[in-house]
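Enquirer: Here is a sequence together with a model predicted from it:
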Amino acid sequence: MASPHTLPLQSARRLWQAFLSARVLVATLLIALLAMQTWTSTGMPPSMPWSWALSTGYLVVALVGWVLLHHKPPAAHWRWPWLLLLVADIVTICLLQEMQTGRMYYTPLLALPILTVSVLGPMRMALATTASITLLLLGANILSAWQGGNFSSDGYMQTALVCAGFLPWPI
């Protein structure tokens, strides 16, 4: 008998397909944003080629995930594709935030993996994903402050508020 907290298979399949499509849309919009930044900027920052490579790689991963997993229902027995897509989302967005070339703040895009896990995954995985994202972002802020010597509280406060906003979703 199914747990009262699980979604019916058809609903879970539609949500999974929507989240896979959202990944492709986010990756496409990241490429469009980079194209707009490259076109309108006067000089190319040193991290711009890495941003292009990272965004293109994310688009490829999102498209491969969409093609291979689009018609497979999200089930508990295939954990590796689920985890690989989550890791790709989190790593790509965190690295883009660290290589930030313009005024774009990429951290709110981390809502996609958190929302995906919160809706389709178990509670423990949702809380672990939110906690790992929080630790990654705060660790990146501490590392950049330690390397650069800039101990401004604005970055810490912004990261802490964003991560505190992520926490209620899994609950």
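Expert: Good, I have the coordinates. Numbers count the residues shown, from 1 in each chain.
Enquirer: From now on I want contacts and neighbour counts done on CA atoms only, so please keep to that.
Expert: Fine.
Enquirer: Quick check: residue 37 vs residue 62, distance?
Expert: Distance of residue 37 to residue 62, given as Cα to Cα, to the nearest Å: 22 Å.
Enquirer: Same drill for those two, tell me which one is more crowded.
Expert: A direct count of neighbours by other Cα atoms under 10 Å for residue 37 and residue 62 places residue 62 higher, at 24 against 16.
Enquirer: List the buried residues for the least confident helix or strand in the chain by mean pLDDT?
Expert: Here the helix or strand of the chain ranked lowest by mean pLDDT, DSSP states H and E is helix 153-166, holding a mean of 73. For helix 153-166, burial by neighbour count (16 or more other Cα atoms under 10 Å) applies to 156, 159-160, 162-163, 166.
Enquirer: could the residues you listed go into TSV alongside distance to residue 52?
Expert: Listed next are the buried residues of helix 153-166 as TSV, based on distance: Cα to Cα, whole Å:
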residue	distance to residue 52
156	27
159	24
160	28
162	25
163	26
166	27
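Enquirer: Now do the end-to-end distance for stretch 35-46.
Expert: Terminal residues of stretch 35-46 lie 15 Å apart, using Cα to Cα.
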